[in-house]
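Enquirer: return atomic coordinates for the entry below.
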Amino acid sequence: MPCIWLRHNTSQIFMAVAIVPVLPGGGVVVPSNPVIANALVDTGATTTGISANCAVRAGLTPIGRIPIHGVGGTVNQNSYLFHVGFPFAFPPGVLAPNHPPPSAGQQQLQVHILDKVIHGCEFHAPPTFEVLLGMDVISTGTLVIQGDGNFSFSF
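Expert: Here you go, the predicted model:
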């Protein structure tokens, strides 16, 4: 079971995620340059949301509109189907299976993609993050938040 260990700032949890389009028939192929975005982990959000800019960069097309309930009331937003992945960087000399070695001085990136198809909504993102990671993703694993500023997410 893969696990990410990172630090939090005692009020918010951020992590890098990959947004990957759903292929016809539901298959998953990690693109050679997956869209990596900063995500805010939000245990109060039922659904994962992405910014319009992130959706465009990932090549997603809206499949309709869904009502989103928030602090300001209910609004209808574009919705998308996508997979969420978690990138892992490997230092030079450490090879991940089925990946070519990195160029000199570069880290190799491997992305673990969740099998679950996410039906996410578009939201107006602040400059600090492009993905709002909701319980539809968080509940696929185990999130442990520690008081010393550390957290882990295993999936």
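Enquirer: switch to C-alpha atoms for all contacts and neighbour counts from now on
Expert: Fine.
Enquirer: what's the weakest-modelled helix or strand in this protein?
Expert: Least confident helix or strand, the chain: strand 108-113 with a mean of 81, by mean pLDDT, DSSP states H and E.
Enquirer: residue boundaries of the strands in this structure?
Expert: 3-7, 14-21, 35-41, 49-50, 64-70, 73-90, 108-113, 118-122, 131-133, 142-145, 150-154 (DSSP state E).
Enquirer: please work out which of the ones you listed is packed deepest.
Expert: Neighbour counts averaged per stretch over these are highest for strand 131-133, at a mean of 28; criterion: mean count of other Cα atoms under 10 Å.
Enquirer: packing partners of that one?
Expert: The elements that strand 131-133 packs onto, with contact taken as 3 or more Cα pairs under 8 Å, 6 or more residues apart in numbering; DSSP states H and E, are strand 35-41, strand 49-50.
Enquirer: other residues contacting it?
Expert: For strand 131-133, the external contacting residues (Cα atoms under 8 Å, 6 or more residues apart in numbering) are 37-43, 45, 47-51, 54, 125.
Enquirer: go again with 6 Å.
Expert: Residues from elsewhere that reach strand 131-133 (Cα atoms under 6 Å, 6 or more residues apart in numbering): A39, L40, V41, D42, T48, G49, I50.
Enquirer: before we move on, what about stretch 33-53?
Expert: For stretch 33-53, contacts defined as Cα under 6 Å, 6+ apart pick out 13-19, 58, 120-123, 125, 129-136.
Enquirer: now the angle from the least confident helix or strand of the chain to strand 35-41?
Expert: Between the axes of strand 108-113 and strand 35-41, defined by axes from the mean of the first three to the mean of the last three Cα atoms, to 10 degrees, the angle is 60 degrees.
Enquirer: so in that sheet, which strands flank strand 108-113, and in what orientation?
Expert: In the sheet, strand 108-113 lines up against strand 73-90 (antiparallel) (DSSP bridges).
Enquirer: for V117, which non-adjacent residue is spatially closest?
Expert: The spatial neighbour of V117 that comes closest, neighbours along the chain excluded (Cα to Cα, 6 or more residues apart in numbering), is H83 at 5.3 Å.
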